[in-house]
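**Student:** I need the structure of the sequence given here:
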Amino acid sequence: MKSKDLKAEYDAKILVIGEDSNLVWSEEVPEYVMFADYYFKPIPEDHGERSRNVESRRLFEHIIYLTRSKVKSKEIYFTNLCNEFVSPPPKGKHVLIPEEKAKEGLERIKIILKNNPTISYIFCMSLQANYWLQKLGLYSCQDENFLHDAQPRRVGLEPFNTYYQPVNPKAFSSIVGNIYDVNGFDSKIVPILSAKDFPLKDKNIDLFQTPYLQIKESLVFNKLIKE
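**Tutor:** This is a model prediction of the structure:
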């Protein structure tokens, strides 16, 4: 089963890229990526349905916060780097997106950008998604230190684990807050945390509060999001 993109109802200003369709905290494959469609549904009484509604609201609040409410909810396009179900990881571990799946996802993202030239910013969530998109060339730069630290850790003679474990789990903090050009498109790409990590709390406040303020200021100063 594949999750569907949640396309913007109006001209898309923001593209949000999540990581994968079989979520770390659930074996369920959502009909739409990141359960984003639940944002537009009434709050349900069923506990399971309600939790998805909460997840979707946190997702939208995350993007609206970073854009200082300059972007409407229906101007946001949601996709995943990998919309297909891939081999689940061992319990408590993180899904590994195989490189061939990441390449397929990159080509699909390029089609989205080609068909939606109004997209000014790409918000890319998670360490792994940013690793693959930088390694495969969507970024205009190649940060060798980041690529080394974010690559899947090798185990013995095996090429990789059956789950995603970066060489350096702290690699993400080196790029959050940066804004990069996108190769071949008039857009910028911004690494951000996953929606489950918003709002910032505990150690994330120390690590990411300043980079998040930098993102908000850059969006305004670059005037890529119109008043």
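
**Student:** Listing request: residues of the protein with sub-threshold pLDDT.
**Tutor:** 1, 20-29, 47-48, 155-161, 220-227 (pLDDT under 70).

**Student:** Residue 108 reaches residue 82, doesn't it?
**Tutor:** No: counting by CB atoms under 8 Å, residue 108 stays clear of residue 82, with 9.6 Å between them. From N, CA and C alone the C-beta is placed, and that goes for glycine too.

**Student:** higher neighbour count, the two?
**Tutor:** Counting neighbours by other CB atoms under 10 Å for residue 108 and for residue 82 shows that residue 82 has the greater number, 26 against 15.

**Student:** Beta-bridge partners for that one, please?
**Tutor:** Beta-bridge partners of residue 82, counted by DSSP bridges, are residue 20.

**Student:** I'd like the distance between it and residue 75.
**Tutor:** Distance, residue 82 to residue 75, using CB to CB, to the nearest Å: 24 Å.

**Student:** Residue 111: how many residues sit nearby?
**Tutor:** Around residue 111 there are 9 residues (other CB under 10 Å).

**Student:** Look at residue 104 and give its secondary structure.
**Tutor:** With DSSP: H, G, I helix; E, B strand; the rest coil as the basis, residue 104 sits in helix.

**Student:** List the backbone torsions phi and psi for the residue minimising distance to the centre of the chain.
**Tutor:** With distances taken as CA atoms, centre = their mean, the residue of the chain nearest its centroid is residue 125 (2.4 Å). Backbone geometry at residue 125, expressed as degrees, to the nearest 10, gives phi -90, psi 150.

**Student:** Just grab the bridge partners of it for me.
**Tutor:** residue 192.

**Student:** so how far is residue 10 from it?
**Tutor:** Separation of residue 125 from residue 10 (CB to CB): 22 Å.
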